[in-house]
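Chemist: requesting a structural model of the entry that follows:
(chains A and B)
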Amino acid sequence: MPLPDNYLKYSHRKYGFDHDHFAWTPDTKRAPLQLKSGAKAAAFIVVPLEFFPLNPPAEPFKHPGAMKTPYPDLRHYTTRDYGNRIGVYRILKVLNEFGIKATFAVNAEIAKRYPPLVDAISNAGHEIAAHGVSTAHIHHEALSEQQETALISECRSIFPDATTWMSPARNESYRTPRIIAELGFKTLLDWEADQRPLPFKTESGNLTCLPLMHELSDFKLMVDNRQQADDWADQILEAAEFHIADHERSGAQCFGFTLTPYVVGQPFRIRALRRVIEGIARLDGLEVATAQQIPTMFKE
Amino acid sequence: MTHADPNLYDYWPYAGRPKIRWPGDKKLAFWIAPNIEYYEFQPPPNPKRQPWPRGNPDIQGYTQRAWGNTVGHWRLMELLDKYDMRGSISLSIGLVDHHPEIIEACAARKWEFFSHGIYNTRFSYGMTPEQERAVLEDSIRTVERATGERIRGYLAPALTHTESTLDLIAEHDFWYTCDLFQDDQPQPIKTKTGQLVSMPYSLEVNDVITYSVMGYTPEQYTDILKRHFDQLLEEGEESGTVMCIPLHAYLVSQPHRLRIFEEALKHISEHADDVWITTGQEIAKYFRENYWEQSIADIQTRGVTTGGTGFAPSR
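Modeler: From the prediction side, this is the model:
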């Protein structure tokens, strides 16, 4: 069957982006930003704490970390759970050693199941961000408004003080930003469309998006791309040094990266983790803060 | 009906656990688990998984494993002799009939045997409890007949399970399971009967994962093993940890890998003052006798107990 004639109609073909969430501001055509502290760049760390059920749904797609072998896939269930029981405590220890505060993006299911873990994070002064209900609750277009609002409301009731949101698998429907803004979230980690805090409009209020770099994801580099921990560490540190060097050209910029507990929390990766955290903690000109803090650190 | 959570163990935060000390005041219990497997030339189909990825017969897959049994294990046995390490063999029980010389050589070295199913081409998926019981009884009987020893450990064939697997091995007085990867210390498993320990085994430093799945070089694997060991030894100062190196001779005994792998064993044996080099069964026995109660008490105090048993939640 041939395609309909309107297949060659382009209703959003215009100057700028094909949506209204934010303006098109090419990097060299806008005023550089500066940090209030005088630092040259800012970095933030996101630690996802996820629940991977033994019986995940296949819709809209399987979460990248979901079960892989036939039920009951105890192998992947327990490998993921290792992160929440063991790996995350190694990450907490290294962060504490160098006085770094991170943003822990927590599934509502994890908060319900593992209260001592959430307490350990809060007591250490880290930020808790809402990260959806679980990896089995991916936001997508086939959900109704009511269904998606219920998912976000559940997170809101479990994390009443959270201001930062990251969707499971960083996937959204077209509605997601509007609903999270409605429910009082301010910072969104799903959109990495800029290298600076990005003002983001929704019909129910404004958000700020921060660039959590998928290309620096520990899961992507060390699991999908099978790189060694030291190669991962080199790339994080290079990104930090790049932004300091680039300050003269582009002003103060920011970037984020993930520490996935079941990936980087493995014993054989802790040496590289320590090198990353020590490296960014001691890097002159780099300010490391939580996702909640980053937007407030830039001068108007 | 399926379950979201296996409920096989309770949540137990790693930070602040009570101290474990291994015999001789050692900080790390180290064991090495050569998988001595038999893959059939003409395996029957299983509804959930093809025995061979290319279909029957898979000449490349079959002969590489035949090479492992003909050549690889013998090299590996001699290498472990050199470092005075006993293997804990993850055994395809059918191999006792196919290759008794391997069993004799391992038994003469006082290595431990545990069951890894009958063949690595017969999966647990779809088995009734009676069929799984038959596998366990065959395993116990066959090893006892060959060596006089009673097996106490289990690793499901090809890591395939049913909801009943762990209850059934506990019922048959197995002491430990290698099927779960949630921890670097042993932990009590919530079975209906028995006293079953979850024994840290490891996929992350298992040579199938590092060589075949991740495609690491021999040098990268050795580097990972040394780092893994160093970290777990350091943490063992606070409370004793367990490290296992699961191996497959068809991979690690390859001529381009074995001497480089040896560097990892050399590194570990250089720390013998702090390391209990032992078998899975000895770790399980020691944990059951000395730390079972302490662990349950700490989980109740600082962890999250949900009641019920595996795949049978209390709610």
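
Chemist: quick one: low-confidence parts of the stretch 151-300 of chain A?
Modeler: Across the stretch 151-300 of chain A, not a single residue meets the criterion (pLDDT under 70).

Chemist: how about the strands in the stretch 201-300 of chain A?
Modeler: For the stretch 201-300 of chain A, applying DSSP state E, counting those that start in this stretch gives strands covering A:205-209, A:253-258, A:286-289.

Chemist: what's the neighbour count on the residue lying closest to residue A:269 once chain neighbours are set aside?
Modeler: Leaving aside its sequence neighbours, residue A:269 sits nearest to residue A:229 (CB to CB, 6 or more residues apart in numbering or on different chains; 4.2 Å). (Glycine included, C-beta is placed from N, CA and C.) Residues lying near residue A:229 (other CB atoms under 10 Å in any protein chain shown) number 25.

Chemist: right, and residue A:229 touches residue A:268 too?
Modeler: Yes. Contact status for residue A:229 versus residue A:268: in contact at 7.0 Å, counting by CB atoms under 8 Å.

Chemist: what touches both of those two?
Modeler: In terms of CB atoms under 8 Å, 6 or more residues apart in numbering or on different chains, residue A:229 and residue A:268 are both contacted by the residues residue B:227.

Chemist: for the residue nearest to residue A:269, give its distance to residue A:241.
Modeler: 19 Å (CB to CB, to the nearest Å).

Chemist: in chain B, what spans have low per-residue confidence?
Modeler: Using pLDDT under 70, the flagged stretches of chain B are B:315.

Chemist: near chain B, which residues of the stretch 101-250 of chain A? Just list them.
Modeler: A:113-117, A:120, A:136, A:226, A:228-229 (CB under 8 Å from any CB of the partner chain).

Chemist: filter those down to the ones in helices?
Modeler: Using DSSP state H, the subset of these located in helices is A:113, A:115-117, A:120, A:229.

Chemist: what is the nearest of those residues to residue A:6?
Modeler: Lowest distance from residue A:6 to these (CB to CB) belongs to residue A:113, with 48.9 Å.

Chemist: pretty sure the closest one sits against residue A:49.
Modeler: No. With contacts counted by CB under 8 Å, residue A:113 stays clear of residue A:49, the gap being 10.2 Å.

Chemist: looking at the two, which has the bigger crowd around it?
Modeler: Taking neighbours as other CB under 10 Å, residue A:113 and residue A:49 compare with residue A:49 leading, 23 against 18.

Chemist: determine which stretch of the strands of the stretch 201-300 of chain A is the most buried.
Modeler: strand A:253-258 (a mean of 24; mean count of other CB atoms under 10 Å in any protein chain shown).

Chemist: remind me what that one packs against, helices and strands.
Modeler: Counting contacts by 3 or more CB pairs under 8 Å, 6 or more residues apart in numbering or on different chains; DSSP states H and E, strand A:253-258 is packed against strand A:41-49, helix A:229-250.

Chemist: not counting residues beside it along the chain, what's closest to residue B:125?
Modeler: Nearest to residue B:125 is residue B:48, by CB to CB, 6+ apart, at 3.8 Å.

Chemist: that neighbour contacts residue B:123, doesn't it?
Modeler: Yes. Contact criterion CB under 8 Å: residue B:48 and residue B:123 qualify, at 6.7 Å.

Chemist: okay, and the common contacts of those two?
Modeler: In contact with both residue B:48 and residue B:123: residue B:160, using CB under 8 Å, 6+ apart.

Chemist: quick one: which of these two has more around it?
Modeler: residue B:123 (25 against 13).

Chemist: quick one, what contacts that one?
Modeler: Counted by CB under 8 Å, 6+ apart, residue B:123 has contacts B:46, B:48-49, B:51, B:157-158, B:160.

Chemist: what of residue A:82?
Modeler: Neighbouring residues of residue A:82 by CB under 8 Å, 6+ apart: A:261-262, A:265, B:181-183.

Chemist: mind putting those residues into CSV with neighbour count?
Modeler: Output for these, formatted as CSV (neighbours: other CB atoms under 10 Å in any protein chain shown):
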residue, neighbour count
A:261, 28
A:262, 28
A:265, 26
B:181, 24
B:182, 23
B:183, 20
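
Chemist: would CSV of the residues you listed with distance to residue A:246 be doable?
Modeler: Shown next, in CSV, are those (distance: CB to CB, whole Å):
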residue, distance to residue A:246
A:261, 31
A:262, 33
A:265, 31
B:181, 41
B:182, 42
B:183, 43
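
Chemist: just the helices in the stretch 101-250 of chain B please.
Modeler: B:129-147, B:165-171, B:207, B:218-236, B:249-252 (DSSP state H, counting those that start in this stretch).

Chemist: and these: which comes nearest residue A:71?
Modeler: Residue A:71 lies closest, by CB to CB, to one member of the helices of the stretch 101-250 of chain B: helix B:165-171, at 12.4 Å.

Chemist: can you list contacts of that closest one?
Modeler: Contacts of helix B:165-171 (CB under 8 Å, 6+ apart): B:8, B:124, B:129, B:132-133, B:136, B:154, B:156, B:177, B:179, B:189, B:191-196, B:309-310.

Chemist: could you dump it to PDB, C-alpha only?
Modeler: Only the C-alpha atoms of helix B:165-171 are listed here, as PDB (Å, rounded to 0.1, in the frame of the first residue of the first chain):
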ATOM      1  CA  THR B 165      14.500 -25.500  43.100                       C
ATOM      2  CA  LEU B 166      15.900 -24.000  46.400                       C
ATOM      3  CA  ASP B 167      13.200 -25.600  48.600                       C
ATOM      4  CA  LEU B 168      14.000 -29.000  47.100                       C
ATOM      5  CA  ILE B 169      17.800 -28.800  47.600                       C
ATOM      6  CA  ALA B 170      17.200 -27.700  51.200                       C
ATOM      7  CA  GLU B 171      14.800 -30.600  51.600                       C
END
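
Chemist: roughly how far out does that helix sit from the chain middle?
Modeler: From the chain centre to the centre of helix B:165-171 is a distance of 16 Å (CA atoms, centre = their mean, to the nearest Å).

Chemist: skipping its backbone neighbours, what lies nearest residue 132 in space?
Modeler: With no chain named, the answer covers chain A. Spatial nearest neighbour of residue A:132, chain neighbours left out: residue A:168 (3.9 Å); criterion: CB to CB, 6+ apart.

Chemist: can you look at chain B instead?
Modeler: Nearest one to residue B:132, counting by CB to CB, 6+ apart, is residue B:168 at 5.2 Å.

Chemist: chain A versus that neighbour, what's the distance?
Modeler: Remark: distance between residue B:168 and chain A (CB to the nearest CB, to the nearest Å) = 14 Å.
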